[in-house]
Every structure is written in C-alpha cells, then in structure tokens.
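Novice: with the sequence up front, the predicted model follows.
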Amino acid sequence: MSKLKEKITGILTDALKECGYPEKEIFLDKPKEDRFGDISSNVAMLLAKELKSAPGKIAAEIISKIPAGNPLISGVEIAGAGFINFFINDSYYKNEIKNILTEGDNYGKSDINKGLTANLEWVSANPTGPLHTGHGRQLCLGKAVANLLEWTGYKVTREYYYNDAGNQMNNLALSVKARYMQIFDKDFPFPEDGYAGDYVKEIAGKIYKEHGDSLKAGDDLDLFRKEGEEFTFKLIKKTLDRLDIHHDIFFNETSLYENSEIRKTLEEFKSKDLSYEKDGAVWLRMDENQGFQKDKVIVKNNGEPTYRLPDIAYHIDKIKRGYDLIIDIFGSDHGDTYKEVLYGVKALGYDADKIKVIIHQMVTFKIGNESFKMSKRSDNVYYLDELIEDIGADAMQFFYVMRGANTHLDFDISLAKDRSEKNPVYYLQYAHARICGILRNAAEVFPGFSLTDHNNPVTELISTPEEMRLIKVLSEFPDEVINSSETFEPHKIITYLNSVAENFHRFYHNNRVIDEQNKNLSMCRLYICLAVKHVLRNGFDLIGISAPEKM
RNA sequence: GCGCCCGUAGCUCAAUCGGAUAGAGCAACAGCCUUCUAAGCUGUAGGUUACUGGUUCGAUUCCAGUCGGGCGUACCA
C-alpha cells in the first residue's frame, strides 16, 4: 500500500475509533470519475448493517471526526449511497515527481516482502524437443511474475524441473535411434508416437559423425538418450536466452532417485497406510470428500513410478528448502493433476499452504481468419523460435502476457506481426520513443540544460488538466506493482501502462513541451516527460519488452 | 457422465474486498499534420455483462440451475 493510502487508512481508522464504531478493515478504492475525488472508502456502507443506521448518516459522523487542516487533503465529501470521497492536494502528486526522478530505475519497487524467499518453478518442459508456442504463455508469464515478486522484496529462485527418467525421454531415445538406423536403412521403422521434428535427425547425424556405424548392432539406448537430452536442452536454453530468461536451478527427476527421496516417500505412504498394492501396481488412496473420483497409481506394475510420485517428492523437497512462497505455473491441461500432487504432499503431513499454483488457459493462434491450436501432432509444431522471428520478442511477450492467465487467449499473429498503429505494443513503445525525441530536441533548443536536479525539479508550474491527470496516473505505479505481484497477474501492468501511454499522448497533444520563449514551463514539462519515461521503462522491464529510443 | 476453467460492444479483452453512469484497442463512421515523431489526438456509433432464479441497500463479481466453449477424466507428463 502506498504511503498515501496508508495515511488515509490511518485517518479513517482513527475517526472510526472516535465515533465509537467497531473496527473495520479499511479498503480504499480509486473512483472511476474525477468528481468523486482521488480516493474513496465504502466503510460507512459496510457498517450500516451492523449499526442498523443509514450509510449517509454514518459517513457524516465519520467525516465530522476527521481533523481539519491536514495538508494532504483538500476535501472530503459524502456521495452516492454513502461513499466517503477524499480529494488529495495537488502538491502531493507534484511531489511524487520528485520521488520518481530520484528513485529512477527503482521507482515502483517496494520492500513489503523484504527478507522473504520465493521459489518459482516454470517452463519445466522435458528435453524432448525445442520449445514451441504452446510453452510461450507460461514462459512469458513466469518471467514477469518472477520480476514482480522481486520488485516487492522477495528473493526469488527461478527453477526448472524436468523428468529425465520417464517415458518421454525413452521415446526420444527410440526416435533418435530410429533416425540413426535410417541412415543405413531408410525403411527402418520410426516409432508411431516418436518425435518427428528435424532436430531428431540432427541428433542422429551427430551421433553418426562421432560413432559411425558402431552403434548399429547394440540394444543400448543410453547414448541416444543422453545425446538427445543434451542436444535438445541446448536448443531450449538458447530460446530461453533469447528471451532473457535464466533459471537458477535445473532440477532433474533422476536426482530424487539418487538420493533415495522417491523410495522414502513411497515407504512413508505405505507406512501410513495411504497406499496399497493391487494388480501389481501401487495405488495412492484418494479422498472422495476432497473431490477425487478414484485412487491413482503411483508405481506401475513394471516397477516404474508414474510422474506423481517424483512430483510429490519434488514438492516436499522444495518445502524442506524453506521457501516462504512456492509457485508452480501449469497449463490448464494439468489442472487436475497438480491437485493430486498437493494432496499427496499434505497427506504426508507437509504444509502445502505456501504452494500457490498459477493455472493458465490454452492459447489459440490466429493468422488472418484462420485459427489453429498448437497441435501435439508432430508434423505441425510451431516453434517458439519461429514465432520470435515472425513477430519479434517484444510483441511476443506483450501478447502472451497482456491478458489474464485464466482466460482463453486468442493470439492474433497477423496483428502481432503488423508493424503499424494497429499493433498495441507500439502504442506503449511509441510513447517512450516520443519522449526520447523530445529530450533530444530539448538539448538542441536549450544548450547545456540538464534535468539532473532531481531533488528540486520544477513542478510548481504544473497546472493543466492533462498534466495533473498524467502525474496522478504515474503516482499509481507502485501500488499497481504490488497489486499485480500479490495476485500474480502481470497483465494488470500492461493495462496500467496503457493508461500511462494514453495520458501521455493526450498531454503531448495539448501541452507543448518545448517552448523557447518559456524556459521555466519547458523545464517543468521536461521533468514530467522524464518521469513518464522512467515509469514506462520500469513497466517494460517487468514485462520484458524493450524501450526504444526511436521508432 | 463427472471434475476444473471460461462466457462482457461486430472481434480481442479490462473492470482493484460485492460499489457510483460496465471501460480500452481493433473494425465502422466524421474530423485534426507550414508547430517537440500522425506508430498520435478528437468526436460518433456500438451492451438485457450467455440465460433463469436467489442473496444484498447495491451483483459482471457471490450462490443454484440451464445453455454454449476449452481442458482433464492413463499403470503419459
């Protein structure tokens, strides 16, 4: 909560006490219309029922107890059904310009979670092939969420978990082996559900180059698996690098076998009678009362665990590492399975409350009027690298993040690719480029001028409605960051940045910045421009898009 | 069938604990470039928030049901 809101909350709390009203948590809203002030509270309406009195009357009582003469507040009014509306003095917002300029790249950061640690696990694609557009939403979402958490003070560990022991890697090994065999015999059968991408041929070619035909006879798949994993991981990491995503920990499933954690977890289930054997497999008892329909297999009848068991062991490991917050990001296709994993974790007595799961819905792509989904069919994969080349990394990240994770996203490739005013990314970036242009021009008109006096910027001349509106919007940035961070919803930042750009463009059209005849006013507006530039850049950084100096 | 998610303007989507006249962009229409980037600005039009009921001073938001869409419902992950 911003200092402004803290103060208003304090004032209201005190007034409630003065009135002898019961304590109420104060929620402050930003009214939609200027005439309702800058901050409003509905506390009188909330009290109305308890006190069996009219909200308007209660509001009047509260206002009468608010001490007059607070320099922050220029007015308090009752409106509508009993809202208490606060009008904030312009000087507060003018002063906020100073804060933006002095804090610069740090404006918007807060320390409300200082000293806390968070672990964000995402991407976590198994190394069976390059990242594709189906992974894109999660990639960009996670990147932004990690940034948001850091901006509110968390120490964030970025983690990538992958199953290198299961079926999928086996399948990759078989696919590579088949391509290798096809070098000698082009009719050698390819596995029906094998990975058909060209990279598999590349891996096979590499193996052939290094080992010739010496692997033709053997049945051993280890080398094919190992080469396949290494090669595809290189591709994956290259794509992540392009997007400036860097994980601190790559956690592989195998390590949980090596340190016996999986065995221990299984024994714990058995000893607590949470599992039983049937048909040669080990089943986890699921609680019907928690909405589970049937028991789930955790060890197959061939002795191999299903993904659930290592996943449970993995989450227990993360809990044991002591993070204050643990976040997983999954697509909606995992919507049910994560619940099973958390159930297992809880059943063994671990505190799963600190685990938060972000589920995002699937993405439909659209080119022109044609829609298509990322198909699992291997001949129809749209790789992320291709998308980056088609539309650019900025537009891609913007489009993946711009909507709430829980809505089905329609990704309009034609629109994202469009290098015209239709493309919403440019609306934001253009505002930044425009400011840079103004600053360049200012340097020519006012040789030797500087905007370095951050502690005392010229703000007393701020007066026009566009200027006031703009600086009010700017001052909301820290709250927006906190709000997005707490709800893990980076799209709110984009919505917010849009309003910054909108208000800047309007300001630009109605308030000429550089005026040779009036240097004081010019300086004042240049400082506003600089403040807008900082907020835009900081917001862009959170989302991961660049801030162009020219367009 | 069952479970989870979604349904808001022609299209894609916002809407902060349940709050005031539900907002943007695109598309449509009408304007604005001898002045700091027109990738911009201004205006018009566009809505029974899928439907029906309930709770509430107040519902896009909460509850129940109906309809429609997505995902899952594996000894895949």
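Specialist: Noted; the coordinates are in hand.

Novice: give me the distance between A:N510 and A:I326.
Specialist: Remark: distance between A:N510 and A:I326 (C-beta to C-beta, to the nearest Å) = 49 Å. Glycine gets a C-beta too; all of them are placed from N, C-alpha and C.

Novice: do the same with A:F292
Specialist: From A:F292 across to A:I326, the span is 22 Å (C-beta to C-beta).

Novice: neighbour-wise, which of the two wins?
Specialist: Legend: neighbour count by other C-beta atoms under 10 Å for A:F292 and A:I326, higher for A:I326 (22 against 16).

Novice: how many residues are close by A:K109?
Specialist: A:K109 - counted by other C-beta under 10 Å - has 15 other residues nearby.

Novice: repeat for A:N538
Specialist: With other C-beta under 10 Å as criterion, A:N538 counts 24.

Novice: isn't it right up against A:L474?
Specialist: No: between A:N538 and A:L474 there is no contact under C-beta atoms under 8 Å: 10.7 Å.

Novice: helix or strand right after the one helix or strand A:E230 maps to?
Specialist: Under the criterion of DSSP states H and E, A:E230 resides in helix A:222-242. Next helix or strand after helix A:222-242 toward the C-terminus (DSSP H and E): strand A:249-252.

Novice: any part of that next one near RNA strand B?
Specialist: No: Strand A:249-252 lies apart from RNA strand B when judged by C-beta under 7 Å from any atom of the strand; the minimum separation is 11.0 Å.

Novice: quick check: buried residues in the helix or strand following that strand?
Specialist: Using DSSP H and E, the helix or strand that follows strand A:249-252 in sequence is helix A:253-258. Neighbour counts over helix A:253-258 (16 or more other C-beta atoms under 10 Å) mark A:E253, A:L256 as buried.

Novice: elements contacting helix A:253-258?
Specialist: Identification of packing neighbours for helix A:253-258 by 3 or more C-beta pairs under 8 Å, 6 or more residues apart in numbering; DSSP states H and E yields helix A:308-320.

Novice: who touches stretch A:336-346?
Specialist: With contact meaning C-beta atoms under 8 Å, 6 or more residues apart in numbering, stretch A:336-346 is reached by A:269, A:284, A:286-287, A:290-292, A:296, A:298, A:307-308, A:311-312, A:315-316, A:319, A:328, A:330, A:352, A:355, A:357, A:359.

Novice: within reach of RNA strand B, which of these are there?
Specialist: Restricting the contacts of stretch A:336-346 to those near RNA strand B - C-beta under 7 Å from any atom of the strand - leaves A:G291, A:K296, A:Y307, A:R308, A:I359.

Novice: which stretches of the stretch 151-300 of chain A form strands?
Specialist: Assigned by DSSP state E, counting those that start in this stretch, the strands in the stretch 151-300 of chain A fall at A:155-162, A:249-252, A:275-278, A:281-284, A:296-299.

Novice: counting by contacts, list what the fourth one packs against.
Specialist: The one in question is strand A:281-284. Using 3+ C-beta pairs under 8 Å, 6+ apart as the test, strand A:281-284 ends up in contact with helix A:261-271, strand A:275-278, strand A:296-299.

Novice: please apply the same query to the last one.
Specialist: Under the contact criterion of 3+ C-beta pairs under 8 Å, 6+ apart, the helices and strands touching strand A:296-299 comprise helix A:261-271, strand A:281-284, helix A:308-320.

Novice: partner strands of the shortest one and their direction?
Specialist: Okay, so that is strand A:281-284. Its sheet considered, strand A:281-284 pairs with strand A:275-278 (antiparallel), strand A:296-299 (antiparallel) by DSSP bridges.

Novice: list the buried residues in it.
Specialist: For strand A:281-284, using 16+ other C-beta under 10 Å, the buried residues are A:V282, A:W283, A:L284.

Novice: redo those as CSV? Include distance to A:F449 and pLDDT.
Specialist: CSV is the format used below for the buried residues of strand A:281-284 (distance: C-beta to C-beta, whole Å; pLDDT from 0 to 100):
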residue, distance to A:F449, pLDDT
A:V282, 75, 95
A:W283, 75, 95
A:L284, 70, 95
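
Novice: using TSV, please lay out those residues together with distance to A:G344.
Specialist: Shown next, in TSV, are those (distance: C-beta to C-beta, whole Å):
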residue	distance to A:G344
A:V282	12
A:W283	12
A:L284	6
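
Novice: and A:G197, backbone torsions?
Specialist: phi -60, psi 160 (degrees, to the nearest 10).

Novice: what about the nearest residue to it once chain neighbours are set aside, neighbour count?
Specialist: Nearest residue to A:G197 in three dimensions, chain neighbours excluded: A:G129, at 5.4 Å (C-beta to C-beta, 6 or more residues apart in numbering). Look at A:G129: counted by other C-beta under 10 Å, it has 23 neighbours.

Novice: SS state for A:G129?
Specialist: coil (DSSP: H, G, I helix; E, B strand; the rest coil).

Novice: which elements pack onto the longest helix out of those in chain A?
Specialist: The single longest helix within chain A, with elements called by DSSP state H, is helix A:519-543. Packed against helix A:519-543 by the contact rule (3+ C-beta pairs under 8 Å, 6+ apart) you find helix A:90-103, helix A:133-151, helix A:393-401, helix A:424-445, helix A:465-475, helix A:477-487, helix A:491-510.

Novice: quick one, domains of chain A?
Specialist: Listed domain ranges for chain A are A:3-88, A:94-110+A:421-543, A:117-163+A:245-360, A:167-242 (source: automatic domain parsing).

Novice: mind putting those into JSON lines with distance to A:I391?
Specialist: Putting the domains of chain A into JSON lines (distance: least, C-beta to C-beta, whole Å) gives the following:
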{"stretch": "domain A:3-88", "distance to A:I391": "34"}
{"stretch": "domain A:94-110+A:421-543", "distance to A:I391": "9"}
{"stretch": "domain A:117-163+A:245-360", "distance to A:I391": "11"}
{"stretch": "domain A:167-242", "distance to A:I391": "13"}
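
Novice: for the helices and strands packed on strand A:296-299, which one ends up most surrounded?
Specialist: Counting by mean count of other C-beta atoms under 10 Å, helix A:308-320 has the highest mean neighbour count of the helices and strands packed on strand A:296-299, with a mean of 22.

Novice: could you list every helix and strand in contact with that one?
Specialist: Helix A:308-320 packs on helix A:253-258, helix A:261-271, strand A:296-299, strand A:325-331, helix A:337-347, strand A:355-360, going by 3+ C-beta pairs under 8 Å, 6+ apart.

Novice: state the distance from A:H505 to A:C140.
Specialist: A:H505 is 26 Å from A:C140, where distance means C-beta to C-beta.

Novice: to clarify, my last question referred to A:G291.
Specialist: Separation of A:G291 from A:C140 (C-beta to C-beta): 31 Å.

Novice: which residue of those two possesses the greater neighbour count?
Specialist: When A:G291 and A:C140 are compared for neighbours, A:C140 comes out ahead with 24 against 10, by other C-beta under 10 Å.

Novice: pretty sure that one contacts A:I494?
Specialist: No: using C-beta under 8 Å, A:C140 makes no contact with A:I494, being 11.1 Å away.

Novice: who touches both of the two?
Specialist: Counting by C-beta under 8 Å, 6+ apart, the residues touching both A:C140 and A:I494 are A:V401.

Novice: doesn't A:M362 make contact with A:N406?
Specialist: No: A:N406 is beyond contact range of A:M362, at 11.3 Å (criterion: C-beta under 8 Å).

Novice: and the stretch 451-551 of chain A, which residues reach RNA strand B?
Specialist: Counting by C-beta under 7 Å from any atom of the strand, the stretch 451-551 of chain A sits next to RNA strand B at A:483, A:489, A:491-492, A:495, A:498, A:502, A:505-506, A:508-514, A:549-551.

Novice: cutoff 10 Å now
Specialist: Neighbours of RNA strand B within the stretch 451-551 of chain A, by C-beta under 10 Å from any atom of the strand: A:466, A:476, A:479-480, A:483-484, A:486-487, A:489, A:491-492, A:494-496, A:498-499, A:501-515, A:522, A:525-526, A:529, A:548-551.
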